[in-house]
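**Q** Quick check, what structure comes out for this input:
(2 chains)
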Protein chains: 2
Amino acid sequence: MPRLRLALAQTNPVVGDLTGNSRQILAAATTASARGADILALGEMALSGYPIEDLASRPSFLAASRTAVESLALELEAAGLGELVVIVGHPDGPFEPRLLGTSNAPTAIAQNSASVLQHGRVQARYAKHHLPNYSVFDEYRVFLPGDELLVMRIKDVDVALIICEDLWRDGGPVGRVLEADAGVLIVINASPFERDKDEVRLPLVTRRAVETDTIVAYVNLVGGQDDLVFDGDSVVVDGRGAILARAPQFDEHLLVVDVDAASATDVTLPDAVHRVTLSARGGDAPDEERGVETPTIAELPDDREQVWNALVLGTRDYVEKNGFPSVILGVSGGIDSAVCAAIAADAIGADRVWGVSMPSRYSSDHSRTDADVLAEAIGFHYSTEPIADLVMPIESQLELTGTAAENVQARIRGIILMGLSNLDGHLVLTTGNKTELSVGYSTIYGDSAGGFAPIKDVPKLLVWELARWRNEFALSRGEVPPIPANSIDKAPSAELRPDQTDQDTLPPYEILDAILDAYVTRALGRDDVVALGFDPETVDFITRLVDRSEWKRRQGAIGPKISGMAFGRDRRLPITYRPSNAH
Amino acid sequence: MPRLRLALAQTNPVVGDLTGNSRQILAAATTASARGADILALGEMALSGYPIEDLASRPSFLAASRTAVESLALELEAAGLGELVVIVGHPDGPFEPRLLGTSNAPTAIAQNSASVLQHGRVQARYAKHHLPNYSVFDEYRVFLPGDELLVMRIKDVDVALIICEDLWRDGGPVGRVLEADAGVLIVINASPFERDKDEVRLPLVTRRAVETDTIVAYVNLVGGQDDLVFDGDSVVVDGRGAILARAPQFDEHLLVVDVDAASATDVTLPDAVHRVTLSARGGDAPDEERGVETPTIAELPDDREQVWNALVLGTRDYVEKNGFPSVILGVSGGIDSAVCAAIAADAIGADRVWGVSMPSRYSSDHSRTDADVLAEAIGFHYSTEPIADLVMPIESQLELTGTAAENVQARIRGIILMGLSNLDGHLVLTTGNKTELSVGYSTIYGDSAGGFAPIKDVPKLLVWELARWRNEFALSRGEVPPIPANSIDKAPSAELRPDQTDQDTLPPYEILDAILDAYVTRALGRDDVVALGFDPETVDFITRLVDRSEWKRRQGAIGPKISGMAFGRDRRLPITYRPSNAH
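**A** I've put the predicted structure just below:
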């Protein structure tokens, strides 16, 4: 059986930064070549970053991407890496807009493509067939599907190439890989982290490998891009389903593995399969000279550690990719801001984190103490800005009472953080968790003000779990636990009026989070949520809060469109939806 | 030739309000029946409102929609309207998710459908074939395409039915309408207003009518839904391209017209065309008894009046559909807030508008005077809240200077408006125009705070044009012009420091708006914008401002996703894109 040395590079590209991303690819190629690889595969859109959204509809960006691919091929050659086969994902175009069978996308002028580089030029190209258009994906909106399959013959092995969603679809290009009798299937991906995703992703890769009796090499991007966090976890599985190599989650990594693949056959290629022959590295030199690679087989950590790592990486990359020198956040002594501070310190180091305690006349003594303990444990820059003297003139001039007055406290805190951000360039972190954002228990333009929300998608119960896990992790390494025990143990409160606690008006978090999971995440209707066994009145109360709080979650003002294009879509679930009431 | 009486109802549905929308349809049917119509057609999704976005993926909502369609048929029958053929758009489902050829949407379980109601039941159903997925449309994400055509035989006329995008696509169902030899083609639509859209929409309808030698009856929704404004403008065109009837723009209206259609033929129906026979109204009674309808042929007003009407309707419906009693806005004496106040008063009446003057130590005398004149001319509730004593304690406690200090003024104004909103339930209008939002000349959580932005998509030059038009319109009707002449004529300024004007740091608006049109609306690259003849340095300056101001336009904080679904997508063009720099 011929032996191929595969290198899979988990790079962390920045969307739009063709120059910087090319440098990442060159660096990976240099290492891969030094380790004797025949083929280096990078993630989906490794050259442009992912997702590129409306950039895919800009002809000028597509032209720049094409130039970048050609330049990359020349630079590889110039650096003495021309023999290495480099497979790199990028947008390709512009093509003429096409109106497709059942749908239509007159603004789609690009394809989600991969180029095969060798000897200073593009030897072949593949365009993704299946364009996901659900959940966080919008590809059908901006891409045209490809319809040809590519097989590369190298060292007497047929290597097929597909992109991400192509692997997931029964009856997709994978079927033709089987017909084409390929020995290796390379899949390049931009697959974002989700809790428990490894319970579907690895089994899928394994199933496809076994179905096609092919070695499947699955390479994924790594890094945060806006709300997405690509988790790497690249893997190579053989035709019996055994894991040959697996890269660590959430880290940039070059995974190198030797695979013994089936020899190419003379099977008649199915329709629309294109085959190119690539020259072998080092000509006829025997493989033995480069020794044997001992592949990495990384293990996945447990669920809480995975989530923590995703939040840390997402936060770090938002800060770094957007060029912020530092972050600032309010620290109240509560669990949410404590967890956010710990995430920020893990992401960019405590010396780039500014924490501000902003006590009001309602702040309890333990709030201040707990914030002090947190600052001490983590070691971030810490200051105190009392708000009473700033709130009072507004309350009294406007004669505000009740919620209107409570909100002023939160908004003055927002003004303080934004003011310090404007002075020193800090990114403001807002510390709301998914539970409170879901039910609208936050003040718009107040505590919800900020550019990045580390725990926006973390329900309250999980916030506590993460805090406990992070403290245990610190102890296991002989470090000081970052989160004060009292912040974890005390009853949560917004402290906007005397003796307030969250449970004055909300059900226990065990019930609240479970209802939100059913209604929001699983999109069940009101009756279906009740049928799970919850009290109907509680369900009605909670679902109504969710329906009405959409405005707060988005914050930006909607306005009437009068031109066809503006800055993307300006839509939210309006409170007129009220799905919970009727349905 | 058989004569049919068609009624096209421009209703204004509320998304999700199946009960209220059904009442609108019953009311239209009552009138249509009284006027002797054979067929009443309503707009696309008239039963559910449009767009329903993620509601289409909730099985409980789809079940409720099906029930609502069946109830509507029964109610029509019960009200003695059973003989009238009623064509009503609605989502249909839930169906099994299907993975389609080139794309895929595992969350799509609905079809964008129309039901034909008569005699208390659904006689036939049509599902939209072509699902637009560009610009403001996201249908391919949530709908499954239909593949059958429907022809209804009534009074010896074959009437075909399609939905919106189906009409726009060459080679779409319209081709089969031709083969099926239909005499009338009914198209139900949810087609949003855009400037100059009548230059493409009416010619398209006319072209299809002539191509197929068929009477085309085009019915559109009316009303604002979030950022979309459906403009009505329903029209009936005969096979020679002559307009037989046309409804007014932006108003709810029932358009009734008699058409003399070709008799049904015995042509063999093409594949996948389904024909139903419907009973004629009034049995064999001769048509003469119901007299002749003199159809309305409304004329479109000029561009500025159309835009004004769109902004007024969008604002009114956002207020009413979301249940706000009133609106509040800051009035600075400048042109933007003056135009917004006039729009608000036109939308819901001056007695539901609250204007607040919030002078600072930098506010000029003319600002206060111009705001006073505005309040007087329009007659809204008017109060003054000086901000100097609220700003000073913050500036001095935090030692803020420069932009950081300027922003405090804007943010205190935001706190004032939000505080008064929290007290009395007003919707806060934010008064930024498209030009300043594009370049980021606004303060996040400050003047940009608010739930609705009437002129968000109106470039500055057009703001002035609209102001002049509105004043002329008032004069032409013998009314007081609402907008102070001085607000129109003076140099625009944010007045956040002494003697500031917009043109201190920005190019003249003639150049600025033209660059933004090229870069933002037409999505040209930096070099292409320069090639239009603009100064390269100015283009670089402006495009960089646009790239960097995306955060301000959206305001909501992004955060890492850890579950597959949350509250929809959380994405913006990040400042890392920088398309202007490189491309």
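
**Q** got the CA positions of stretch A:189-196 in CSV?
**A** Extracted as CSV, the C-alpha positions of stretch A:189-196 are listed here (Å, rounded to 0.1, in the frame of the first residue of the first chain):
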residue,chain,number,x,y,z
ASN,A,189,-14.2,22.6,7.3
ALA,A,190,-15.3,25.7,9.2
SER,A,191,-17.4,23.9,11.8
PRO,A,192,-18.3,26.0,14.9
PHE,A,193,-18.2,24.7,18.4
GLU,A,194,-21.5,23.6,20.1
ARG,A,195,-21.9,21.8,23.3
ASP,A,196,-22.0,18.0,22.6
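
**Q** which other residues reach it?
**A** Residues from elsewhere that reach stretch A:189-196 (Cβ atoms under 8 Å, 6 or more residues apart in numbering or on different chains): A:43-45, A:50-51, A:89, A:136, A:163-164, A:167, A:197, A:201, A:218-221, A:228-231, A:249-250, A:303, A:306-307, A:310, B:561-564. Bear in mind the C-beta positions are built from the backbone N, C-alpha and C, glycine included.

**Q** Phi first, then psi, for the residue in the stretch 401-550 of chain A that chain B sits nearest to.
**A** For the stretch 401-550 of chain A and chain B, the shortest gap (Cβ to the nearest Cβ) falls at A:Gly525, measuring 2.3 Å. Per-residue torsions, A:Gly525: phi -80, psi 170 (degrees, to the nearest 10).

**Q** Can you check the pLDDT for A:Asp287?
**A** pLDDT recorded at A:Asp287 is 61.

**Q** Check A:Tyr50 too.
**A** A:Tyr50 is assigned 93 on the pLDDT scale.

**Q** Quick one: classify it as helix, strand or coil.
**A** Here A:Tyr50 is recorded as coil under DSSP: H, G, I helix; E, B strand; the rest coil.

**Q** residues near the closest residue to it other than its chain neighbours, how many?
**A** Residue nearest to A:Tyr50 in three dimensions, not counting chain neighbours: A:Ala190, with 3.8 Å by Cβ to Cβ, 6 or more residues apart in numbering or on different chains. For A:Ala190, the neighbour count with other Cβ atoms under 10 Å in any protein chain shown is 23.

**Q** And for A:Ala388?
**A** Neighbourhood size, A:Ala388 [other Cβ under 10 Å]: 13.

**Q** right, is stretch A:19-35 up against chain B?
**A** Yes: shown here: stretch A:19-35 in contact with chain B (Cβ under 8 Å from any Cβ of the partner chain) through A:Thr19.

**Q** Please work out the average pLDDT along that stretch.
**A** Computed over stretch A:19-35, the mean pLDDT rounds to 97.

**Q** quick one: contacts for the residue nearest the centre of chain A?
**A** By Cα atoms, centre = their mean, chain A has its centre lying nearest to A:Val229, at 1.7 Å. Contact analysis of A:Val229 by Cβ under 8 Å, 6+ apart lists A:Pro192, A:Phe193, A:Gly223, A:Phe250, A:Ala310, A:Leu313, A:Gly314, A:Asp317, B:Pro560, B:Lys561, B:Ile562.

**Q** Kindly recompute the last result at 10 Å.
**A** A:Val229 makes contact with A:192-194, A:221-223, A:250, A:307, A:309-315, A:317-318, B:560-562, according to Cβ atoms under 10 Å, 6 or more residues apart in numbering or on different chains.

**Q** Which of the residues you listed fall within helices?
**A** Using DSSP state H, the members of the contacts of A:Val229 that fall in helices are A:Val307, A:Asn309, A:Ala310, A:Leu311, A:Val312, A:Leu313, A:Gly314, A:Thr315, A:Asp317, A:Tyr318.

**Q** The last one: how many residues sit nearby?
**A** Yep, that's A:Tyr318 we're talking about. When neighbours are defined as other Cβ under 10 Å, A:Tyr318 has 29 of them.

**Q** quick one, what contacts it?
**A** Contact analysis of A:Tyr318 by Cβ under 10 Å, 6+ apart lists A:224-227, A:229, A:324, A:327, A:347, A:427, A:429, A:451-454, B:557-560, B:574, B:576.

**Q** out of these, which are inside helices?
**A** A:Ala347.

**Q** Give me the buried stretch members for stretch A:539-547, please.
**A** Across stretch A:539-547, burial judged by 16 or more other Cβ atoms under 10 Å in any protein chain shown covers A:Val539, A:Asp540, A:Phe541, A:Ile542, A:Thr543, A:Arg544, A:Leu545, A:Val546, A:Asp547.
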